[in-house]
Each structure stands twice: as C-alpha cells, then as structure tokens.
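Enquirer: Fold the following, please.
(4 chains)
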Number of protein chains: 2
Amino acid sequence: MPRTAANRPAMLAQSAFDLFAERGFGKVAIDDIAAHVGVTKGSFYSHFRSKHELILAACSYYYRSYQQRIHEEIAPLTNPAERLRRVVETSVRTCIVDKRNRMFTAEIFALSLKDEQVRNGWAQFYDSVREMYVGLVMSAQAAGYTDIANPRGAVDMMLAAIEGVKLRAGFEPHIADEDEQQAIVDGLLSIVLLKSSNSTRPEKATS
Amino acid sequence: MPRTAANRPAMLAQSAFDLFAERGFGKVAIDDIAAHVGVTKGSFYSHFRSKHELILAACSYYYRSYQQRIHEEIAPLTNPAERLRRVVETSVRTCIVDKRNRMFTAEIFALSLKDEQVRNGWAQFYDSVREMYVGLVMSAQAAGYTDIANPRGAVDMMLAAIEGVKLRAGFEPHIADEDEQQAIVDGLLSIVLLKSSNSTRPEKATS
DNA sequence: GATCAAGGATACCCTCCGGTATGTAACGTG
DNA sequence: CACGTTACATACCGGAGGGTATCCTTGATC
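Expert: As a prediction, this is how the structure comes out:
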C-alpha cells in the first residue's frame, strides 16, 4: 500500500457529487475532483476507469444518501399518517433547502436522456421510492386515514408533482420559505389523502 | 447581398433546437448546426455572436412554438371547461408525444441552473403559461365548473405535476400510450377542478 | 459598371480536458 | 530483504470544438 489509503473511492464520489451539483457534469474536470480530495488525476484513474464510472458512483452516492435520510426520519415514528407526512416533509425539505440536490438531479435528468446506465440507475431509485410511498399510503389507508381508490396512481401523480416543484424551486427561490413549504406539503398530501378533512395530521385523525 | 439570404437566423435557431433536443447543448457543435442548414461556421458567426446567443434563440423558438400551438388549439373553442381541458390535453400530448420537447426542456433546466439569461427566459415563459392557466381556471370557475378555493395555488401544483410527468415520461415511455394520456389529463384536471363529479367534460357540466 | 456592404467559405488558432505512459514511494508477503 | 502490488505524482498526447482572420461572392445603389 502507498502513503495514505483510506476510502478514496468514496471520497472521490462524494467530491464528485459536490462539484457536479455545483457546476454540472460537463463543467467539472477530473483534475478538479482529484484536487478537491487532494490528489492528482493519475491517482484518480487508479480508482475509476473513466469519468462515466465516476458519474455513476456520484449518482449512487446521492441515492444512498437520500434513502438513508428518509429511513432515519421515519424510524422513530409508528403512526402511518405521521410517517407519510414526515416522508413528504423530508422530501420537500431536501429538495428545497438543499440546492445541490436540486441541481444534481437536474443534471441527472439531462444526462439520462442520452445515457442508458444513468437512466436505469435513476429508474431503479425512483421505483424504490415509489414502492416506499405506496406502502406508506396503503398503511395510511388501512388505518383509515384515506380511502383513495387508486393508491399507486395517486402516488405517481404526487411524485410527479414533487419533481415539478423541485424544478420550479430553481426558478422561484421563495418556495424555500417556511410557510410555503408547509403549503406544498399539504398540497402534495392532498393528492394522496382525503380532501374533505385535514385528516393528514395525526391528532386530527378520524380513526 | 450574397447568394441566398432568406431568414437564416430563424433557420439556424430551428436547426439548433432540433439538434439540441437530440443531443443536448454540450454535444452539438456549431459546425453541426451550420451544416444542418447547409452553411459553414464562418457564416454562422455573421448571424450569431456566440453559441450562447444561439441557445437563447433556440429557447425563444421553443417558447413561441408552444404558445402558438396552444393558441391555435383553443381559438375555435368557447366553452371554458372545454378550453381548459383542451389546453391540458395539448400540453400533455406535446410533452409526451414529442420527445424532442421533453429533451429540450430538460436541457434548459440543467443549463438554467448556471445561466441567468436562460433562467430568466424560462421564468418569463413559465409565468405567461401560468397566467393563461389561471385565466382559464377562473373562467371555468365563473361558469360553475369548479369552486376551487385557491385557483393560483392549484394551477401551480398542476403545472408542477405536468413538469413531473414530463420527466417521468423520459424513464417510462409507456406513458405515451393513448389511454395513459387520458388518465394523466384527468389526474391533472382533478387538481384544478372539483373532485366529486366529472364536471370537466362540458356535456356533464352542472351549470 | 465601379463601389460597397453583407453573407458566405476556408483555414487556422488556442484552449480545455479525458485519457495514458511512465516513474516512484510505501506497504504486505514470502 | 527482495518482490510484487497499489496509491500516488508528473508529464504528455490528441481530439474536439469555440471563436477568429481572411478572402470570396453577390446583389443593391449610384
């Protein structure tokens, strides 16, 4: 082994995420990423075979971070409606507060149009998120918080709305305001839950 | 004047849109665009000062095309609910059927993160679309097709959902199926109109 | 029909950047 | 303590592509 080993690949992937989120895939050179970790390009290429491989690693890093965060947020909660609301809140907050995530995902979308591996990676991630949401909604349904006819379709529409709001936030930063955030969460939840009552909030639950 | 003049700038902008939509801003060289019109780079630079200027022109081209199409679609309609539905249908169809538009807007989103002019251009376009929708919804409301409390908020959420579905279509092409399209239109309209009845379709109107 | 402006072509430059070739210092292993 | 392996550095290559310099062509105008 050479001087320092540590987990360079992971560090490089994380630095890549940081820089990609800041400037986009195209405007970040391998030299930049390597320098960001305190290493040179030659060394970089002993960990990754190509820039493309690094991009995939950066994507994985993002996916893992998101899922880990969601998991941490709902771990202590047991009430289905609470869990659902918390996940939506976390998703909204992550997208709005963390500008980097917004920018990174926008880059993914653009790249995925031309890159099958990136596209497949995102599709897989998206599917797992969808399944999580479907599970949450169906739990909420079983507990009487909603009687939505088509949970899967509603979740799809809500996820689409999240993506749309994410994009909009890039153009209208005022969405980052606290009160706006709450309105968005309510709007999103209303797609998935009953409209007639504010049954989302657990203390107002009807069952 | 030289051999052929015509409206080269417009042709270049349109070709730029075509190629950008196909390969993305970064992967299209000026040479490609010039060649696509049957011209060389030197000539290109007598019409545009930079690639950036061309990108802005391609954006304008897209915005104008969209607005023109919407206008043509609703021109013959007078019933407010019909007009609203037609616009949503047109938006959905354009996004789903025309892959190029999807790809082009994805590129815009990615670029706008780093380019203020592109961002402002989109913001302006988006605002005009929003105002159009708000007008349509309020007309529908005045005619009794909906009693939605906050038309502006509902329109925002619906536009967000459109953007989200647009993105999703990049990963799940089956959305392009005819029946799926109708479901999406209904889903979107339900955000803006009353849920209890299918009052969207004019022949079922309650007033 | 001489002049001139503008569209167009050709050729070139220069920079950036992904990737490679090569060297070297540390570590594990026998 | 040789020896291979691995993480790292240095230096370089080569292609791509944005932009420019320069010349040519054409048509309008007087």
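
Enquirer: Mind giving me the packing neighbours of the helix or strand that contains residue A:164?
Expert: Using DSSP states H and E, residue A:164 maps to helix A:151-171. For helix A:151-171, the elements it packs on are helix A:80-97, helix A:99-112, helix A:116-142, helix A:178-192, helix B:99-112, helix B:116-142, helix B:151-171, helix B:178-192, judged by 3 or more Cβ pairs under 8 Å, 6 or more residues apart in numbering or on different chains; DSSP states H and E. Placement of C-beta: from N, CA and C, glycine included.

Enquirer: Would you reformat these as CSV and include distance to DNA strand D, mean neighbour count and mean pLDDT?
Expert: Shown next, in CSV, are those (distance: least, Cβ to the nearest atom of the strand, whole Å; neighbours: other Cβ atoms under 10 Å in any protein chain shown; pLDDT from 0 to 100):
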stretch, distance to DNA strand D, mean neighbour count, mean pLDDT
helix A:80-97, 30, 20, 92
helix A:99-112, 15, 22, 92
helix A:116-142, 19, 16, 95
helix A:178-192, 38, 18, 87
helix B:99-112, 13, 22, 92
helix B:116-142, 14, 17, 95
helix B:151-171, 23, 22, 90
helix B:178-192, 36, 18, 87
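
Enquirer: Dump the ones you listed to JSON lines, plus distance to residue B:93.
Expert: Output for these, formatted as JSON lines (distance: least, Cβ to Cβ, whole Å):
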{"stretch": "helix A:80-97", "distance to residue B:93": "28"}
{"stretch": "helix A:99-112", "distance to residue B:93": "21"}
{"stretch": "helix A:116-142", "distance to residue B:93": "23"}
{"stretch": "helix A:178-192", "distance to residue B:93": "22"}
{"stretch": "helix B:99-112", "distance to residue B:93": "10"}
{"stretch": "helix B:116-142", "distance to residue B:93": "15"}
{"stretch": "helix B:151-171", "distance to residue B:93": "11"}
{"stretch": "helix B:178-192", "distance to residue B:93": "7"}
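
Enquirer: show me what contacts residue A:14?
Expert: residue A:61 (Cβ atoms under 8 Å, 6 or more residues apart in numbering or on different chains).

Enquirer: how much space is there between it and residue A:54?
Expert: 11 Å (Cβ to Cβ, to the nearest Å).

Enquirer: so residue A:149 is in which element?
Expert: Per DSSP H and E, residue A:149 falls between elements, in no helix or strand.

Enquirer: Can you report phi and psi for it?
Expert: Per-residue torsions, residue A:149: phi -70, psi -40 (degrees, to the nearest 10).

Enquirer: Next one: it from DNA strand D, what distance?
Expert: Residue A:149 sits 50 Å away from DNA strand D, going by Cβ to the nearest atom of the strand, to the nearest Å.

Enquirer: Surely residue A:18 touches residue A:101?
Expert: No: the pair residue A:18 and residue A:101 does not pass the contact test of Cβ atoms under 8 Å, sitting 11.3 Å apart.

Enquirer: what comes into contact with stretch A:151-169?
Expert: Outside stretch A:151-169, the residues touching it (Cβ under 8 Å, 6+ apart) are A:88, A:91-92, A:95-96, A:102, A:105-106, A:126, A:129-130, A:133-134, A:137-138, A:141, A:148, A:175-176, A:184, A:187-189, A:191-192, B:109, B:126, B:156-157, B:159-165, B:167-168, B:183, B:187.

Enquirer: For the closest residue to residue A:129 other than its chain neighbours, give its distance to DNA strand C.
Expert: Computed as Cβ to Cβ, 6 or more residues apart in numbering or on different chains, the closest residue to residue A:129 that is not its neighbour in sequence is residue A:159, at 7.1 Å. The gap separating residue A:159 from DNA strand C is 32 Å, by Cβ to the nearest atom of the strand.

Enquirer: again, but for residue A:96
Expert: Counting by Cβ to the nearest atom of the strand, the gap from residue A:96 to DNA strand C is 30 Å.

Enquirer: Please report how far that residue lies from residue B:24.
Expert: For residue A:96 relative to residue B:24 (Cβ to Cβ), the value is 26 Å.

Enquirer: can you check residue A:141 too?
Expert: 42 Å.

Enquirer: and the most centrally placed residue in chain A, backbone torsions?
Expert: The residue lying closest to the centre of chain A (Cα atoms, centre = their mean) is residue A:66, at 5.0 Å. Residue A:66 adopts backbone torsions of phi -60, psi -50, taken as degrees, to the nearest 10.

Enquirer: How about the residues of chain A by chain B?
Expert: A:23-24, A:26-27, A:102-103, A:106-107, A:109-110, A:112-114, A:119, A:122-123, A:126, A:153, A:156-157, A:159-165, A:167-168, A:170-172, A:183, A:187, A:191, A:195 (Cβ under 8 Å from any Cβ of the partner chain).

Enquirer: before we move on, the earlier item: between the helix holding residue A:164 and helix A:80-97, what angle do the directions make?
Expert: 30 degrees (axes from the mean of the first three to the mean of the last three Cα atoms, to 10 degrees).

Enquirer: what's around the residue in chain A positioned nearest to DNA strand D, how many residues?
Expert: DNA strand D sits closest to residue A:42 of chain A, with a gap of 2.5 Å, by Cβ to the nearest atom of the strand. Residue A:42 has 8 neighbours, counted by other Cβ atoms under 10 Å in any protein chain shown.

Enquirer: Now name the helix or strand holding it.
Expert: Assigned by DSSP H and E, residue A:42 belongs to helix A:41-44.
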